[in-house]
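Peer 1: Build me a model:
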Amino acid sequence: LNNMINFLRWKWVYVTFSAVLIAAGILSIAIWGYRYSIEFVGGTNLQYQFSKQVSEEFIKPVFEAQKIELETLQVKSGTVTARTRPISDKQEAVLRKELGQKLNVKVSVLKVETIGPSLSAELVNKTFIAVAIAALGILMYIAYSFKNFTFAVAAVVALLHDLVILMGMYSILSHFSGAEMDTLFVTAALTTMSFSVHDTIIMFDQLRHYIKRNGTGEIEFYANKSITETIVRSFNNSLTSFFMLLALVLLGGSTIKFFACALLIGTVIGTYSSPFVAMNLVVAILKRN
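Peer 2: Got it, this is the predicted structure:
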């Protein structure tokens, strides 16, 4: 008992910390929003290899002459990467021919990818449905396993807390680092939900053990004891993922860097929320009952 740490006495510190993160994230979403990938907004991704280096200032007028609206354009070592509003195969062929003639270069196609607005709208709907199904499934599973709806509500609220913070932090990352909202981010968000609930269930199970044996009379004492007994295991488990994801963020290619970054944020927030958000919530609810 002497080794027990009174984590819950700092609950207002946790509330303030979470409130600041959530407010910063919501503010970022309201002001800056996200950079959406082609999968979410529709459009055409083009990647050409030119036979010689050509600067952007000479390439843009060719797109404008064909009345093709550019969203992004990047030129590096003779490789031209562009994202435009959706264009047809015929428009792409004409554009490629004009680029070759006007810029006096040989144009090789590396990638042409078009996604229409209807497909992107369907993907957005499926994303929201996937998140809703996951949250509902977790709610039902915990309610059934613990035979107590209080644990389920606290776990899902903590899960949504993690999701909101992740989305807010990713908006900030999108604005300052160019991270795009894409299907990999959706994967990271769903993975974060599972990380968060995993640690929460371990701590809740320990608390349930004490409640079954002693009742809820000293609920704060048993909650602190449960956190003390499980937090080291939770922290060590998350630390292994943290170092792996940090390596991917620092050394991984551009394709997976932001995916790893989203998972890293989710891992840190999920590890924090299980003892300091979910436990505080369940104690607060049980004390009222």
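Peer 1: dump the residue contacts of residue 142.
Peer 2: Contacts for residue 142 (Cβ atoms under 8 Å, 6 or more residues apart in numbering) come out as 151, 152, 155, 156, 197, 201, 204. Every C-beta, even on glycine, is put in place using the N, C-alpha and C of the backbone.
Peer 1: Same question for residue 199.
Peer 2: By Cβ under 8 Å, 6+ apart, the residues touching residue 199 are 234, 237, 238, 270, 271, 274, 275.
Peer 1: which one of these sits closest to residue 104?
Peer 2: residue 270 (54.8 Å; Cβ to Cβ).
Peer 1: Assess the claim that that closest one and residue 163 are in contact.
Peer 2: No - using Cβ atoms under 8 Å, residue 270 makes no contact with residue 163, being 9.9 Å away.
Peer 1: Give the residues shared as contacts by those two.
Peer 2: residue 192.
Peer 1: Residue 56 - how many residues pack around it?
Peer 2: When neighbours are counted by other Cβ atoms under 10 Å, residue 56 registers 12.
Peer 1: Find me the pLDDT at it, would you?
Peer 2: What the model reports for residue 56 is a pLDDT of 90.
Peer 1: same thing with residue 191?
Peer 2: 87.
Peer 1: Wait, a strand at it?
Peer 2: No - looking at residue 191 with DSSP: H, G, I helix; E, B strand; the rest coil, it is helix, so not inside a strand.
Peer 1: related to what we said a few turns ago, can you tell me which of the contacts of residue 199 are buried?
Peer 2: 234, 237, 238, 270, 271, 274, 275 (16 or more other Cβ atoms under 10 Å).
Peer 1: how about those in a markdown table, adding distance to residue 61 and secondary structure?
Peer 2: Converted to a markdown table, the buried ones among the contacts of residue 199 look like this (distance: Cβ to Cβ, whole Å; DSSP: H, G, I helix; E, B strand; the rest coil):
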| residue | distance to residue 61 | secondary structure |
| --- | --- | --- |
| 234 | 57 | helix |
| 237 | 55 | helix |
| 238 | 52 | helix |
| 270 | 49 | helix |
| 271 | 52 | helix |
| 274 | 56 | helix |
| 275 | 58 | helix |
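Peer 1: okay, these in TSV with pLDDT and distance to residue 146 next?
Peer 2: Output for the buried ones among the contacts of residue 199, formatted as TSV (pLDDT from 0 to 100; distance: Cβ to Cβ, whole Å):
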residue	pLDDT	distance to residue 146
234	88	18
237	86	21
238	89	23
270	92	19
271	92	21
274	93	15
275	94	17
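Peer 1: from these, which two are the most distant?
Peer 2: 237 and 275 (12.9 Å).
Peer 1: doesn't residue 73 fall inside a strand?
Peer 2: Yes - according to three-state DSSP, residue 73 belongs to a strand.
Peer 1: which residues of this protein fall in strands?
Peer 2: For the chain, the strands defined by DSSP state E occupy 35-36, 43-50, 70-76, 79-84, 107-115, 180-181.
Peer 1: Okay, now the unreliable bits of the stretch 101-250 of the chain?
Peer 2: Along the stretch 101-250 of the chain, the model assigns pLDDT under 70 to residues 117-120.
Peer 1: Go again with 80.
Peer 2: By pLDDT under 80, the low-scoring segments of the stretch 101-250 of the chain are 116-124, 216.
Peer 1: before we move on, the earlier item: compare the strands of the chain and give me the one nearest residue 137.
Peer 2: Using Cβ to Cβ, the nearest of the strands of the chain to residue 137 is strand 180-181, at 23.8 Å.
Peer 1: Contacts only, for the nearest residue to residue 140 once chain neighbours are set aside.
Peer 2: Of all residues not flanking residue 140 in the chain, residue 152 sits nearest, at 7.6 Å (Cβ to Cβ, 6 or more residues apart in numbering). Residues counted as contacts of residue 152 (Cβ under 8 Å, 6+ apart) are 138, 139, 140, 142, 143, 146.
Peer 1: how about a cut-off of 6 Å?
Peer 2: By Cβ atoms under 6 Å, 6 or more residues apart in numbering, residue 152 lies in contact with 139, 142, 143.
Peer 1: State the distance from it to residue 275.
Peer 2: As judged by Cβ to Cβ, to the nearest Å, residue 152 and residue 275 stand 18 Å apart.
Peer 1: ditto for residue 167
Peer 2: On the measure of Cβ to Cβ, residue 167 and residue 275 end up 22 Å apart.
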